[in-house]
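Asks: here is the input, now give the coordinates:
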Amino acid sequence: MDDQTMAHATARSEARGTAEANRLWWTHPGLEAEGGRLTVAGRDAEALARGHGTPVYVYDLARIGEQIGALQTALDRVNLPSRLRKKVRGSFILIHAAVR
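Replies: Reported below is the predicted structural model:
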């Protein structure tokens, strides 16, 4: 990146404000960097990997619930009758969608 491009990028970041400029692009509630550590649903990702071995797949049930709600809202907007359910069984998350 040349100096002029870097200056423009820096100015844009500063214009957005310190908090937003420091926020990583991929973060959202439930997937964040806290104190230099990656956390998923408030839990340290490295500790989860060490405790369960790798590869380990970690899901934030709150985030899944939000996405199911967004999908239901979208289906409702187009008047498509549907029913979505979320069940947690052991280590499996089942999402059942029925469109009538």
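Asks: next up, phi/psi of Arg83, please.
Replies: phi -140, psi 120 (degrees, to the nearest 10).
Asks: can you report how many residues lie near Thr39?
Replies: Neighbours of Thr39 under the rule other CB atoms under 10 Å: 19. C-beta here means a position set from N, CA and C on the backbone, and glycine is covered the same way.
Asks: now do the closest residue to it other than its chain neighbours against Ile64, distance only.
Replies: Excluding the flanking residues, the one nearest Thr39 by CB to CB, 6 or more residues apart in numbering is Glu32, at 5.4 Å. According to CB to CB, to the nearest Å, Glu32 and Ile64 sit 17 Å apart.
Asks: for Gly51, same thing?
Replies: Taken as CB to CB, the span from Gly51 to Ile64 is 21 Å.
Asks: strands of this structure, residue ranges please.
Replies: Using DSSP state E, the strands found in the chain span residues 31-34, 37-40, 43-44, 82-89, 92-99.
Asks: what average pLDDT does the second one get?
Replies: The average pLDDT for strand 37-40 rounds to 93.
Asks: show me what that strand pairs with in its sheet, parallel or antiparallel.
Replies: strand 31-34 (antiparallel), strand 43-44 (antiparallel) (DSSP bridges).
Asks: about what we covered before: ok, Gly51 and Ile64, which is more surrounded?
Replies: Between Gly51 and Ile64, Ile64 has the larger neighbour count (other CB under 10 Å), namely 15 against 10.
Asks: give me the pLDDT value at the more buried one.
Replies: For Ile64, pLDDT reads 83.
Asks: do Met1 as well
Replies: 54.
Asks: likewise for the one 3 residues further on?
Replies: Listed pLDDT for Gln4 reads 56.
Asks: got any ranges where the chain has weak pLDDT?
Replies: Confidence mapping of the chain against pLDDT under 70 gives the ranges 1-22, 85-100.
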